[in-house]
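model this:
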Amino acid sequence: MLKVNIYLEGLLWVVGAGVLAGALVYLQHRYLSAELRAQHNDVTGAFFEIIGVLYAVMLAFIVIAVWDTMNEAEDNSYKEANALVEVYWVGHNAPEPQRASIEALSRLYANTVVDKEWPQMVTRDEVSPEGYAILDDIRVQVESLKSTDPVTTKRYQDTADKLREVVGARGARLSAVDGGVNPVLWFALIAGAVLFVAFAYLFGVPGRLAHATMVVTVTMMVVMLLYAVYELEYPFSRGTAVGPDAMRFALERFAQIGGGGSVPPSR
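This is a model prediction of the structure:
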């Protein structure tokens, strides 16, 4: 089955909510007097404004938070991949047997992230610790590099720092898998949306079309933003998911740099 396009799915949710809101306005005007509601427009307007401001602040904060989390997850994936390329580059110019081992282990790590870890992240399953074990093996090889040349020694030390950067970016990537929006916040978002839209129905607007336009617009806007929060909630899942493009780029760089090597026996 083809996956429904994220924009089409969002459009269906927004339009469907608008149609439902319009139908409720029609029923309201058919069975309830607009003149009776109009008597309380001042009070209704004051409450509507207060609830609207509070809800807009909360919703905006959460939308920005999930958007920042998504961008940070993508940035971390490239930071991890770029640091790994730096490790591979130094390993490619290192003496044997470290050269072959660092090259092979770097390729193994990148392939493990793309082929094994990313599918687990998409489904938010527990990620295998295999990646950390490979990084530990790379650390052993990097720390075994020795040289009497000060420049080369400094380069090896920088490589160890780059490897720590890989580990740090990996930890940040894995911690973002199950981030999501707290259930309490989801409750507040949905309850606030119901209250906000409900107060729009309480206005006594004489014209059915004018009232329907007001309610439908408010409803569609709220549903659109809630849908955005839902899609952005998990950085590696759903329609806007961050993919393993960065690590695939690292594999392409490995091919450009050359080499291959073989994985050393497990420690």
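
And stretch 75-82, what's buried?
Within stretch 75-82, the residues that count as buried by 16 or more other Cβ atoms under 10 Å are 76-82. (Glycine included, C-beta is placed from N, CA and C.)

Out of the residues you listed, which is nearest to Leu195?
Distance to Leu195 across these (Cβ to Cβ) is lowest for Asn76, with 37.0 Å.

In this structure the closest one contacts Ala176, no?
Yes - the pair formed by Asn76 and Ala176 meets the contact definition of Cβ atoms under 8 Å, at 7.5 Å.

before we move on, back to that, narrow the buried residues of stretch 75-82 to those in strands?
Cross-referencing the buried residues of stretch 75-82 against strands under DSSP state E gives no overlap.

can I get the residues you listed in JSON lines with pLDDT and distance to Ala228?
Converted to JSON lines, the buried residues of stretch 75-82 look like this (pLDDT from 0 to 100; distance: Cβ to Cβ, whole Å):
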{"residue": "Asn76", "pLDDT": "94", "distance to Ala228": "22"}
{"residue": "Ser77", "pLDDT": "95", "distance to Ala228": "21"}
{"residue": "Tyr78", "pLDDT": "95", "distance to Ala228": "24"}
{"residue": "Lys79", "pLDDT": "96", "distance to Ala228": "26"}
{"residue": "Glu80", "pLDDT": "96", "distance to Ala228": "27"}
{"residue": "Ala81", "pLDDT": "96", "distance to Ala228": "27"}
{"residue": "Asn82", "pLDDT": "95", "distance to Ala228": "29"}
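
how about CSV for those, with distance to Arg164 added?
Conversion of the buried residues of stretch 75-82 to CSV gives the following (distance: Cβ to Cβ, whole Å):
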residue, distance to Arg164
Asn76, 14
Ser77, 17
Tyr78, 17
Lys79, 12
Glu80, 12
Ala81, 15
Asn82, 14
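
Out of these, flag the one nearest to Ala104.
When those are compared for distance to Ala104 (Cβ to Cβ), Ala81 comes out closest, at 17.4 Å.

residues in contact with that closest one?
The neighbourhood of Ala81, defined by Cβ atoms under 8 Å, 6 or more residues apart in numbering, consists of 110, 246-247, 249-250.

burial of Ser144, as a residue count?
Neighbour count for Ser144, taken as other Cβ atoms under 10 Å: 13.

Quick check: it touching Glu96?
No - Ser144 is not in contact with Glu96 according to Cβ under 8 Å; the separation is 11.7 Å.

quick one: pLDDT of Ala34?
In the prediction, the pLDDT value recorded for Ala34 is 64.

hmm, I was thinking of Gln256
Reported pLDDT at Gln256 in the predicted model: 92.

So what's the residue count around it?
8.

quick one: which helix or strand includes it?
Assigned by DSSP states H and E, Gln256 belongs to helix 245-257.

Contacts made by that helix with the rest, please.
Helix 245-257 is touched from outside by 74, 77-78, 80-82, 84-85, 88-89, 92, 103, 106-107, 110-111, 113-114, with contacts defined as Cβ under 8 Å, 6+ apart.
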